[in-house]
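Participant: Got a predicted structure here, sequence first:
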Amino acid sequence: MITKRIIPCLDVKNGRVVKGVNFEGLSDVASPVELAQYYSSCGADELVFYDITASAEGRALFTDILTETARKVFIPLTVGGGINTVADFDRVLKCGADKVSVNSGAIRNPSLVYEAAKLYGDQCVVLSADVKRVDGVFRVYAKGGRENTGMEAVSWIKRCVDNGAGEIVLNSIDTDGVKRGFDLEMLEAVSNAVSVPVIASGGAGRIEDFITLFKTLPKVDAGLAASIFHFGEVRIADLKAEMAKAGIPTRV
Amino acid sequence: MIAIIDYGVGNLFSLQSSFAAIGKQAAVTSDPEVIASAERIILPGVGAFEDAAEKLRATGMADIVKRAAAEGKPVMGICLGMQLLLDKSYEYGEHEGLGLIHGSVKPIADVIDKDLKIPHIGWNRLIIKKQSPLFKYLKDGDCVYFVHSYYAADCDDVTSTAEYSAELTASIERGNVYGCQFHPEKSGDVGLNILRAFCEI
């Protein structure tokens, strides 16, 4: 049976991890490579590197970091941020990424998902969607959650899956940062609508939130979080032990 | 030295790095002389069977791999590379493989429950069917990372499976020829240990 995945997400700017991190036993907590190694050793099932760099120099640093990570970390690595063209896919895949996540790039150019899936396979293309309720309707937001595209989320996600997206990261803007649990209602709507893996993002504050997620919505494949892992509020080894204890298929 | 066969399919960076991580020298190569002098051969592969099988033949690598296997060198196919070791594949038509291990490649959709997702993607537990030198360091309950929509069927040489409503072939072995459907280079320490065991055969 496929195990439920736990995925820490690292925001990287100019080659450094952005959000403050607080760990014992790490000499350089801002080093994405060291942090990736640390998470891998703690039992993370996969890693997401999110490039929030704006400059070209920062971009080059990011690919260096990626290469260095892929040299040392042997779990699947997903890369997102600034992916607008097939050439961007090529750039990060060559540096050792296994999957590439698109968000605003796919909104600007909906054929990007199709083109990339044709070239690299569906399993390589992850659609990341920032979704927020507006008057009771799930709407897709662009530009890091700042701009309402007006598109209805479930139909947008279905369209991307039809075009070849092999996995969905569903980030609920409504629960993001609130730390009171994942957006189960939104996740249920999306996971009922698509037949590809759905990764829950936004809202986890404690171990119980992951247990509730996987117990309530067995169709959800993975839980993604950032700061609660970085700040040590939830330790991955503890989380996975609790998941296994609760009868959730877990790689321990 | 380990030769990772380069025939223009997929990204071999992680695979090469994973050997470096266990202190083994591995060359990504299509040079027949380098491959002839290698102690062990890795046949990688991602993508579609037909395209990969054609490239393998067009580059002359098919014969080179077969020769290495006949000489008794340890040969290991990974993912699509494992599928290429078999007689044939039914992925979009019917295509011939290397025939080093008897069996055929069929869609997992034939055997799994209809409501399950395809591809079979993620970490799954290995169920040991036969002892293998590759499992030297394996512990009960160890998981490895899979990404595939086709599997090795009709094969008598299955050494492990993974449960996905049906038992899907995870590894095969015949003499000195080995195959893993999963990605050892993406399976953390468990995967590195499988590669380490392959280097010690």
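Facilitator: Thanks, I have the structure now.
Participant: and the top strand by length along chain B, which residues are buried?
Facilitator: Looking only at chain B and at elements set by DSSP state E, the strand with the highest residue count is strand B:166-174. Of the residues in strand B:166-174, those with enough neighbours to count as buried (16 or more other Cβ atoms under 10 Å in any protein chain shown) are B:168-174. Where C-beta positions appear, they are placed from N, C-alpha and C, glycine not excepted.
Participant: and the residues you listed as a markdown table, adding pLDDT and distance to chain A?
Facilitator: Putting those into a markdown table (pLDDT from 0 to 100; distance: Cβ to the nearest Cβ, whole Å) gives the following:
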| residue | pLDDT | distance to chain A |
| --- | --- | --- |
| B:168 | 98 | 11 |
| B:169 | 98 | 16 |
| B:170 | 98 | 13 |
| B:171 | 98 | 17 |
| B:172 | 98 | 21 |
| B:173 | 98 | 22 |
| B:174 | 98 | 27 |
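Participant: any chance of these in JSON lines, with distance to residue A:78 too?
Facilitator: As requested, the buried residues of strand B:166-174 are exported to JSON lines (distance: Cβ to Cβ, whole Å):
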{"residue": "B:168", "distance to residue A:78": "24"}
{"residue": "B:169", "distance to residue A:78": "27"}
{"residue": "B:170", "distance to residue A:78": "23"}
{"residue": "B:171", "distance to residue A:78": "26"}
{"residue": "B:172", "distance to residue A:78": "29"}
{"residue": "B:173", "distance to residue A:78": "32"}
{"residue": "B:174", "distance to residue A:78": "35"}
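Participant: who are the neighbours of the longest strand of chain B, in terms of helices and strands?
Facilitator: Packing contacts for strand B:166-174, counted by 3 or more Cβ pairs under 8 Å, 6 or more residues apart in numbering or on different chains; DSSP states H and E, involve strand B:150-153, strand B:158-164, strand B:177-180.
Participant: again, only using 6 Å
Facilitator: Under the contact criterion of 3 or more Cβ pairs under 6 Å, 6 or more residues apart in numbering or on different chains; DSSP states H and E, strand B:166-174 touches strand B:150-153, strand B:158-164.
Participant: got the residues of chain A near chain B?
Facilitator: Applying Cβ under 6 Å from any Cβ of the partner chain, one finds that chain A approaches chain B through A:1-3, A:45, A:70-71, A:74-76, A:96, A:123, A:195, A:251.
Participant: how about the residue nearest to residue B:18 when sequence neighbours are not counted, what does it touch?
Facilitator: By the measure of Cβ to Cβ, 6 or more residues apart in numbering or on different chains, the closest residue to residue B:18 outside its immediate chain neighbours is residue B:185, 4.0 Å from it. Residue B:185 makes contacts with A:74, B:14-15, B:18, as judged by Cβ atoms under 6 Å, 6 or more residues apart in numbering or on different chains.
Participant: Could you pick out which of these are located in helices?
Facilitator: With helices identified by DSSP state H, the entries of the contacts of residue B:185 that belong to them are B:14-15, B:18.
Participant: just the buried members of those residues?
Facilitator: B:14-15, B:18.
Participant: Is the residue nearest to residue B:18 in a helix, a strand, or coil?
Facilitator: Using DSSP: H, G, I helix; E, B strand; the rest coil, the structure places residue B:185 in helix.
Participant: any idea how far residue B:4 is from it?
Facilitator: The spacing between residue B:185 and residue B:4, counted by Cβ to Cβ, to the nearest Å, is 10 Å.
Participant: Identify the contacts common to these two.
Facilitator: Residues touching both residue B:185 and residue B:4 by Cβ under 6 Å, 6+ apart: residue B:15.
Participant: circling back: to chain A, which of the helices and strands packed on strand B:166-174 lies closest?
Facilitator: strand B:158-164 (5.5 Å; Cβ to the nearest Cβ).
Participant: Average the pLDDT values over the closest one and round to the nearest integer.
Facilitator: Per-residue pLDDT values over strand B:158-164 give a mean of 98.
Participant: Tell me how many other residues crowd the closest residue to chain B within the stretch 151-252 of chain A.
Facilitator: Residue of the stretch 151-252 of chain A nearest chain B, by Cβ to the nearest Cβ: residue A:251 (4.2 Å). With neighbours defined by other Cβ atoms under 10 Å in any protein chain shown, the count for residue A:251 comes to 26.
Participant: so what's it scoring on pLDDT?
Facilitator: Predicted confidence (pLDDT) for residue A:251: 96.
Participant: just residue B:176 next, same as before
Facilitator: The per-residue pLDDT of residue B:176 was computed as 98.
Participant: Is residue A:11 part of a helix or strand, or is it coil?
Facilitator: Taking three-state DSSP, the label given to residue A:11 is strand.
Participant: Show the contacting residues for residue A:195.
Facilitator: Going by Cβ under 6 Å, 6+ apart, residue A:195 touches residue B:117.
Participant: if we can go back for a sec, how much space between the residue nearest to residue B:18 and residue B:191?
Facilitator: 6 Å.
Participant: And for residue A:163?
Facilitator: Counting by Cβ to Cβ, the gap from residue A:163 to residue B:191 is 32 Å.
Participant: How about stretch B:22-42, which residues are buried there?
Facilitator: Under the neighbour-count criterion of 16+ other Cβ under 10 Å, stretch B:22-42 has B:24, B:26-30, B:35, B:38, B:40-42 buried.
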